[in-house]
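>>> Next one to model:
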Amino acid sequence: MISFGGYMAVIKQELSIRGESIQRIYSFFKDFYLIVNRKYQRKLVWTVEEKKSFIESIFRGYPVPLFLFAEVKFNNNDSLEIIDGLQRLNSITSFIEQEFDFKGEYYDLETMAESKLLLDKGELKQKFPKIDRELCAKYSNYPLPFSIYKKDQSEEIDEVFRRINSGGRQLSRQDIRQSGSTGHFANVVRKIAAKLRGDDSASDRFVINDMKNISISNIELEYGINVENIFWVKQSILPKEKVRESRDEEVIADMLAYMLLKEKPYSAKVMLDTYYGIYYTKINEERFNELEQKMLKISPEKVIQQFLVVYEQLKKILNISPKQFNKLMFPSAGTNVPRYFQSIFLAMHEMLILQEKIVVDYQELLPILDGIGKHIDVGTGAGGVWTSGDRTNSVNAVVGIIKEYFKDRKPEDPALNSWTTELENILMQSFTEQPLYEFKQGVYKLYKTGEFDKTAFSKIVKTMTAIANQGPGVIGYLILGIADNKNDGDKIDNFYNLSSKKYNKFFITGIEGEATKYHGSLDDYFTFFLQKLKKLPVDSSFVGSLTRDVRLIGYFDKSVLVFKIKALENPVAYDDEYYGRCGTATEKIQPPDYPDLFKRFYIKVP
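Numbers count the residues shown, from 1 in each chain. Have a look, this model is predicted:
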């Protein structure tokens, strides 16, 4: 018998196939058993019509494609990581939860015990008219083909995903590049792209239930991120359809390669393949290796930071412009001008990072950019190639025009930062890692007396200890100056005569109101807060870690206080009591549960 290099020995034990009813799958969903890994999974991209078409296949009893999972550990629990079938699983569960209708009618929530319980508790609301319950029962009992991969090595799962999608019929070319690469370059591109879109997450793995919170809105489907507000779309650099296809990642990859490679590359699809380890020539292999080595030499974290610094500076200019980026280039520009953006961005990178300059005056620089598109040659080469020469000449032309509006900067100049983007990403990360994030409006009561709220301050510090008690290696955030609903935001605005800044569902009120009213300045308020913190019954080493990692961040005309919370070697007590997090709630841990708490910190962090 042919053994095919020994593969026969593993075929029979690494894969199991079984049927699971939709009712059972919905139970998996509600029990947080299904996990998404963002290293290779896309956003939710199906339109409502595509979802309805899939639901119709189920109602008609047609066979549906196989769902593929890997058995993994997530938060110390047995879970199923979705390798193939994310869009279909979302369609199945969101149809039950009334997100869309089928032929004008909605799933009857009283059909299944799980959905009826949620209906009774008010967590789901029935929409009308309802589909006949007998049909809903057939839908609920429809058997889905499940294939379970029995390995929990990320490299193996990555390879399975790449092979399944290598035909490219379902994923965009960039999605396939990204999913098939484990290099440092690919990982940095993915992280930068998420930060710019606003769908950043604290970790790559999270439950499918949270996917909607960081997915981009679609036709008739309102997800967590409004596609119209994404930088690329808002500035008419890329149309929203191309952002959904991950073309923004292609632009970022193109620019990063230009920044990192000594010999400036031309821009074309084959070069993008090369950056992700897909090459067929010796010279492209050398380019790929050079990129990886340069990434390690600078460090991925530094590359991301430098990119965000340039992005923040460019955004400051665009924020004061009455025109979108495309119209700044030239009046007749369409909504697809990525190469013009590259030229401007790379010229800013030259000035800010390589020449270590800062912008002298944003108001003076803005009119210089108006109409600058006529100096940029985006190339007319065969197959959409932007030659190295045309690209470099365009960047140099922009540098020559804008350089007099820059001056030398001091080392670690605070004017050069990416804090606005960092704050927005922390807010978005809270959707998928709720226990690690907490947002507070302030520490003064909203009464005429303006009394310092000792109880609220105590709760803030208890919450900090609770976040640290999530386990070794944990990093979380508590931010002061943010309301997570409009009513609370309005109360702050009315009391201090301010106007909060809205970002997604959050209202950034800032701490200026109570800082100015009760302390005269932000600096005095900051000092007051730290002094209060040191007087509370908490381990001094924990307080020390908090004061070392606290920052006062400016967000437009607001200031917020950001505490970065790191777990210590042991659990942290508040007044000899321990606290933990359950979702967004801080709860006292009872003495019988202390052994479980301490056990977390005995586990060696890899």
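
>>> Hmm, Ile479 and Ile426 touching each other?
Yes. Contact criterion Cβ atoms under 8 Å: Ile426 and Ile479 qualify, at 7.0 Å. Placement of C-beta: from N, CA and C, glycine included.

>>> Which residues are in contact with each of those two?
Common contacts of Ile426 and Ile479, defined by Cβ atoms under 8 Å, 6 or more residues apart in numbering, comprise Tyr437, Val562.

>>> Would you map the strands across the stretch 51-200 of the chain?
With DSSP state E, counting those that start in this stretch as the definition, the stretch 51-200 of the chain shows strands at residue ranges 67-74, 77-84, 143-149.

>>> avg pLDDT for stretch 320-332?
Averaged over stretch 320-332, pLDDT sits at 96.

>>> Can you give the domain ranges for this protein?
Structural domains assigned to the chain are 8-170, 433-600, following automatic domain parsing.

>>> got a pLDDT number for Val10?
pLDDT, the model's per-residue confidence, is 43 for Val10.

>>> can you check the one 5 residues further on too?
In the prediction, the pLDDT value recorded for Leu15 is 64.

>>> low pLDDT regions in this structure?
Low-confidence segments of the chain, defined by pLDDT under 70, are located at 1-15, 42, 151-170, 180, 380-383, 411-415, 603-606.

>>> hmm, 50 instead?
Scanning the chain for pLDDT under 50 picks out 1-13, 166-169, 605-606.

>>> Just give me the longest helix of it.
Counting residues, the longest helix in the chain under DSSP state H turns out to be helix 300-319.

>>> buried sites along that helix?
Of the residues in helix 300-319, those buried under the neighbour-count criterion (16 or more other Cβ atoms under 10 Å) are 303-304, 306-315, 317-318.

>>> Distance to Glu220 added to these, as TSV?
Below are these laid out as TSV (distance: Cβ to Cβ, whole Å):
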residue	distance to Glu220
Val303	38
Ile304	35
Gln306	39
Phe307	34
Leu308	33
Val309	38
Val310	36
Tyr311	31
Glu312	34
Gln313	37
Leu314	33
Lys315	30
Ile317	35
Leu318	30
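
>>> and of the residues you listed, the nearest to Tyr62?
Within those, proximity to Tyr62 (Cβ to Cβ) peaks at Ile304, which comes in at 45.3 Å.

>>> who are the neighbours in contact with the closest one?
Listed by Cβ under 8 Å, 6+ apart, the contact set of Ile304 reads Val188, Lys191, Ile192, Lys195.

>>> Which single one of these is nearest to Asp523?
Taking Cβ to Cβ as the measure, Asp523 lies nearest Lys195 of those, at 29.5 Å.

>>> where exactly do the helices run in the stretch 151-300 of the chain?
Ranges of helices within the stretch 151-300 of the chain are 154-165, 173-179, 184-197, 231-234, 240-244, 247-260, 269-275, 282-298, 300-319, based on DSSP state H, counting those that start in this stretch.

>>> need these in TSV with distance to Gly85, can you?
Conversion of these to TSV gives the following (distance: least, Cβ to Cβ, whole Å):
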stretch	distance to Gly85
helix 154-165	10
helix 173-179	15
helix 184-197	21
helix 231-234	28
helix 240-244	19
helix 247-260	23
helix 269-275	27
helix 282-298	31
helix 300-319	31
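
>>> Of those helices, give the one that comes closest to Ser57.
helix 154-165 (19.9 Å).

>>> Show me what counts as buried in stretch 212-220.
Within stretch 212-220, the residues that qualify as buried by neighbour count (16+ other Cβ under 10 Å) are Lys212, Asn213, Ile214, Ser215, Ile216, Ser217, Asn218.

>>> and what of stretch 536-552?
Of all the residues in stretch 536-552, those buried under the rule 16+ other Cβ under 10 Å are Leu536, Val538, Asp539, Phe542, Val543, Ser545, Leu546, Val550, Leu552.

>>> and of those, the nearest to Leu366?
Proximity of these to Leu366, judged by Cβ to Cβ, is greatest for Leu552, which lies at 27.6 Å.

>>> quick one, phi psi at the closest one?
Its backbone dihedrals place Leu552 at phi -100, psi 110, with angles given as degrees, to the nearest 10.

>>> How much space separates it from His519?
From Leu552 over to His519 the distance is 13 Å, taken as Cβ to Cβ, to the nearest Å.

>>> and what of Ile176?
With distances defined as Cβ to Cβ, the gap from Ile176 to His519 amounts to 55 Å.

>>> Tally up the residues packed near Leu34, please.
24 (other Cβ atoms under 10 Å).

>>> repeat for the one 10 residues further on
Other residues near Leu44 number 24, with proximity taken as other Cβ under 10 Å.

>>> contacting residues around the residue lying closest to Ala253 once chain neighbours are set aside?
Residue nearest to Ala253 in three dimensions, not counting chain neighbours: Val189, with 4.8 Å by Cβ to Cβ, 6 or more residues apart in numbering. With contact set as Cβ under 8 Å, 6+ apart, Val189 has these partners: Gln178, Glu249, Ile252, Ala253, Leu256.

>>> same deal with Gly513?
By Cβ under 8 Å, 6+ apart, the contact list for Gly513 reads Gly442, Ile492, Phe495, Tyr496, Leu498.
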